[in-house]
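**Student:** Sharing a model that was predicted from the sequence below.
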Amino acid sequence: MLVVGLTGGIATGKSSVSSLFKSQHIPIIDADVLAREVVQPGTKGLAQIVKYFGPEVLFPDGTLDRKKLGAIIFNDETKRKKLNSIIHPAVSRAIFWNVFRCWLRGEKLCVVDVPLLIEGGMWKWMGKVVVVYCSAEIQLQRLMSRDGSSIEDASARLNSQLPITQKVEYADIVIDNSGSLQDLEQQVHTCVVKLERAAGWSWRLGWILPPVALVSAVWTLSWKSIRRSQRRR
């Protein structure tokens with residue numbers, strides 16, 4: 001099974017691309033959804049958060065008050081790192097198990113939608129990386145229009161993230177979302193064709209014989225890592 005990492009920048013249209021993949025019956029593993037699931041009441045993640053930050057970060061019904069927690073970590077790097085050390089491993093485990101379930105179902109490929117795929121280093125574990133791109137100017141315009149924010153606030157949010165041009169350097173496939181929805185749909189269709197071609201026929205053999213899948217995955221990831229390292233030199 002081919003595991004595809006999907007990422008982009010703020011307001012580049014990654015969510016739209018993810019929805020288009022889903023419309024073509026491709027399994028989507030959404031890291032944002034999993035990040036909410038791993039801190040639901042009764043989870044180990046929420047228990048760790050309450051232990052460190054205190055019960056004041058909870059609503060009366062026991063769910064996490066994300067706004068209050070966000071205010072606590074906003075200007076405190078130590079607390080932000082502590083929260084990340086709780087959330088990120090839990091999300092990574094959830095992604096792994098969801099990928100495993102896709103393999104058990106005999107899926108040809110699955111897409112792992114992760115906003116910080118590059119920054120968090122998870123791109124190294126993907127068979128292919130797809131980056132949704134548009135220019136910084138279009139990003140700024142879309143962000144201001146979407147959130148009703150000023151040019152100063154929108155620029156500050158963009159500048160706090162890894163530039164989309166740097167993310168493109170890690171991509172096997174770039175989807176340019178600078179045009180119309182029709183253009184985007186055509187690019188996603190083309191992307192799916194490329195990914196299915198890359199998955200080839202060996203995914204069936206790997207599903208029937210797990211050791212073959214393991215060897216294939218190790219070989220693919222090692223080779224991809226070498227090629228990407230050479231490309232960025």
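**Tutor:** That came in fine, so what should we check first?

**Student:** Run the chain-centre distance for stretch 12-23.
**Tutor:** From the chain centre to the centre of stretch 12-23 is a distance of 12 Å (CA atoms, centre = their mean, to the nearest Å).

**Student:** Hmm, I typed the wrong one, I wanted stretch 90-108.
**Tutor:** Counting by CA atoms, centre = their mean, stretch 90-108 comes out at 14 Å from the chain centroid.

**Student:** quick one: contacts of that stretch?
**Tutor:** 1-3, 27, 29, 31, 34-35, 37-39, 43-45, 110, 112, 114, 122, 196, 199, 203, 207, 213 (CB atoms under 8 Å, 6 or more residues apart in numbering). For glycine as for every other residue, the C-beta is placed from the backbone atoms N, C-alpha and C.

**Student:** could you dump it to CSV, C-alpha only?
**Tutor:** What follows is stretch 90-108 as a C-alpha-only set of coordinates in CSV (Å, rounded to 0.1, in the frame of the first residue of the first chain):
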residue,chain,number,x,y,z
ALA,A,90,-0.5,10.4,20.5
VAL,A,91,-1.4,11.7,17.1
SER,A,92,1.5,9.8,15.5
ARG,A,93,0.3,6.6,17.1
ALA,A,94,-3.2,7.2,15.9
ILE,A,95,-2.0,7.8,12.3
PHE,A,96,0.0,4.6,12.4
TRP,A,97,-3.0,2.5,13.5
ASN,A,98,-5.2,4.2,10.9
VAL,A,99,-2.7,3.4,8.2
PHE,A,100,-2.5,-0.2,9.5
ARG,A,101,-6.3,-0.5,9.3
CYS,A,102,-6.2,0.7,5.7
TRP,A,103,-3.6,-1.9,4.9
LEU,A,104,-5.8,-4.6,6.6
ARG,A,105,-8.7,-3.6,4.4
GLY,A,106,-6.5,-4.1,1.3
GLU,A,107,-6.4,-0.4,0.2
LYS,A,108,-4.2,0.4,-2.7
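
**Student:** tell me which residues in it are buried?
**Tutor:** By neighbour count, and taking 16 or more other CB atoms under 10 Å as the criterion, the buried residues in stretch 90-108 are 90-92, 94-95, 98-99, 102-103, 107-108.

**Student:** filter the contacts of stretch 90-108 to the buried ones?
**Tutor:** By the neighbour-count criterion of 16+ other CB under 10 Å, the contacts of stretch 90-108 include these buried positions: 1-3, 27, 29, 31, 34-35, 38-39, 45, 110, 112, 114, 122, 199, 203, 207, 213.

**Student:** where do the strands sit along this protein?
**Tutor:** 2-8, 28-30, 109-113, 128-133, 173-176 (DSSP state E).

**Student:** And the longest one, what does it pack against?
**Tutor:** Packed against strand 2-8 by the contact rule (3 or more CB pairs under 8 Å, 6 or more residues apart in numbering; DSSP states H and E) you find helix 14-23, strand 109-113, strand 128-133, helix 164-168, helix 181-199.

**Student:** Touching the longest one from outside, list them.
**Tutor:** Yep, that's helix 181-199 we're talking about. Residues external to helix 181-199 that are found in contact with it (CB under 8 Å, 6+ apart): 1-2, 4, 13, 16-17, 20-21, 24, 26, 108-109, 127-128, 130, 173, 175-177.

**Student:** and that helix, which residues are buried?
**Tutor:** Residues of helix 181-199 classed as buried under the neighbour-count rule (16+ other CB under 10 Å) are 184, 187-188, 191-192, 195, 198-199.

**Student:** do the same with the fourth one
**Tutor:** Along helix 164-168, these residues count as buried under the neighbour rule (16+ other CB under 10 Å): 164, 167-168.
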